[in-house]
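Chemist: just coords:
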């Protein structure tokens, strides 16, 4: 099931849908429909202190469908194995020289954010950040039979195959990143 989850996340930028009819990782998930608010769980750009800060703030700012804060904290980054050291460097970067706590990481208030290599991520610049203690409800995998037919001047071809698919009801608790 872990492999299916990562496959779902890999497609979460363009094909995987959630209960709010948005891509799993998207910049305009609705919340508090009475006020028309939107929120994002999509971050783009090169892995850096600034980009990590944006991702962390996006997790902290996530709200439920009524606009109430979820009180989430970042817990883990899943990334391609070759990006593990870069993520560890970014998350352990010391503050700028000349500041009061120049030897402390700007992310020290968030505890130890775990960095986990995941070889099933389909790009070296794609990553996923998970919040603490928040469950994303995935359906059980279900079989889907798909049939297509093509006609041309030479033949009629009929194809059928089975695929496993599942969906996520809620996107909260996750941030997806597309690097450059």
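Modeler: Done, it's in. These numbers were taken from a predicted model, which means no experiment stands behind them. Numbering: from 1, shown residues only.
Chemist: just for the protein, where's the confidence low?
Modeler: Low-confidence segments of the chain (pLDDT under 70): 1, 33, 94-106, 134-169, 180.
Chemist: Could you point out the longest helix of it?
Modeler: As assigned by DSSP state H, the longest helix anywhere in the chain is helix 49-60.
Chemist: What lies in contact with that one?
Modeler: For helix 49-60, the surrounding residues in contact (C-beta atoms under 8 Å, 6 or more residues apart in numbering) are 39-41, 43, 45, 72-74, 87, 90-91, 93, 106-107, 110, 129, 131, 173, 175, 177. C-beta coordinates here come from the backbone N, C-alpha and C atoms, glycine included.
Chemist: What are the boundaries of the strands in the chain?
Modeler: 29-31, 37-39, 42-44, 74-79, 114-117, 126-131, 142-151, 156-165, 174-178 (DSSP state E).
Chemist: For the second one, buried residues please.
Modeler: Buried positions in strand 37-39, judged by neighbour count with 16 or more other C-beta atoms under 10 Å: residue 39.
Chemist: what do you get for the first one?
Modeler: Neighbour-count burial for strand 29-31 flags 29, 31 (criterion: 16+ other C-beta under 10 Å).
Chemist: Output the contacting helices and strands for that strand.
Modeler: strand 37-39 (3 or more C-beta pairs under 8 Å, 6 or more residues apart in numbering; DSSP states H and E).
Chemist: who does the strand it packs on touch, helix- and strand-wise?
Modeler: strand 29-31.
Chemist: List the strands paired with the strand it packs on, with their directions.
Modeler: According to DSSP bridges, strand 29-31 has the following sheet partners: strand 37-39 (antiparallel).
Chemist: contact partners of the strand it pairs with?
Modeler: 27-31, 58, 61-63, 67.
Chemist: Apply 10 Å and report the result again.
Modeler: 20, 22, 26-32, 58, 61-63, 67, 171-172 (C-beta atoms under 10 Å, 6 or more residues apart in numbering).
Chemist: Quick one: residues contacting the residue most central in space within the chain.
Modeler: Taking C-alpha atoms, centre = their mean, the centroid of the chain lies closest to residue 176, which sits 2.8 Å from it. Neighbour list for residue 176: 9-10, 12-13, 16, 23-26, 40-44, 55, 78, 126-129 [criterion: C-beta under 10 Å, 6+ apart].
Chemist: quick revisit: can you select the buried ones from the contacts of helix 49-60 in PyMOL?
Modeler: To isolate the buried members of those in PyMOL, using 16+ other C-beta under 10 Å:
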select buried, resi 39+40+41+43+72+74+87+90+91+106+107+110+129+131+173+175+177
